[in-house]
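1. could you look at this predicted model? Sequence included:
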Amino acid sequence: MSNNFIEIAKIGSTYGLDGELRLFPISSSIETILSYGQWYIKLVPDNQWQVLNDENIYRRSNKVYIKLDGIDNVNAAQKFINALISVPSDRLPLLNNGEIYWKDLIGMSVSNAGGDSFGCVVNIMETGYNDVLVCRKDKEEYLIPYIKDYVLEENLVSKKILVDWQYDY
């Protein structure tokens, strides 16, 4: 099994009095992340992934909730707020040509055709309209829409992204 884990969800606030928690899938549908098999959890102060056993996932309206085994009240559930849920990266499906996982974009260097550097991708934001690369160079941060008009090329081998972007955009 891989030691490289991919975050698939984050636990939010408690819900009700029986220890239920709100679950926020990260850039995937709940059906997709349920298909990955065994989940792992990492609490905020820890740095270790632990097997998650006998969790119960369900929907109410358009929201998703998780009930963890052995957690039966709000006080016990509160320690799981902001915990991350992951799966080993080797459980993710293979991608088609031209597709890329967000995890692969993190750390890639970003520059334009003129050689101007925007640093490295440190995060990707969902805006509802399109995704945005959050790039950081020294203390400067650049937000570049992750669309074909601006992202011209992604090279996973060299870990470089070529963009049609300028400092003053």
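-> Sure thing, it's come through. Being a predicted model, the structure only gives us computed values, none of them experimental.
2. check which helix or strand covers the residue nearest to residue 36 when sequence neighbours are not counted.
-> Nearest residue to residue 36, sequence neighbours excluded (Cβ to Cβ, 6 or more residues apart in numbering): residue 87, at 4.3 Å. All C-beta spots, glycine's among them, are computed from the backbone N, C-alpha and C. Remark: residue 87 resides in strand 84-88, with elements defined by DSSP states H and E.
3. name the strands paired with that strand and say parallel or antiparallel.
-> If you go by DSSP bridges, strand 84-88 pairs up with strand 5-15 (antiparallel), strand 39-42 (antiparallel).
4. right, and those - which one's nearest residue 81?
-> For these, the distance to residue 81 is smallest for strand 5-15, at 6.2 Å, taking Cβ to Cβ.
5. got the buried residues for that closest one?
-> Across strand 5-15, burial judged by 16 or more other Cβ atoms under 10 Å covers 5-6, 8-9, 11-12, 14-15.
6. any idea of the mean pLDDT for that strand?
-> The average pLDDT for strand 5-15 rounds to 91.
7. next secondary structure after that strand?
-> strand 20-25.
8. can you give me how far the following helix or strand past that next one is from the chain middle?
-> Counting by DSSP H and E, the next helix or strand C-terminal to strand 20-25 is helix 30-34. Counting by Cα atoms, centre = their mean, to the nearest Å, helix 30-34 is centred 14 Å from the centre of its parent chain.
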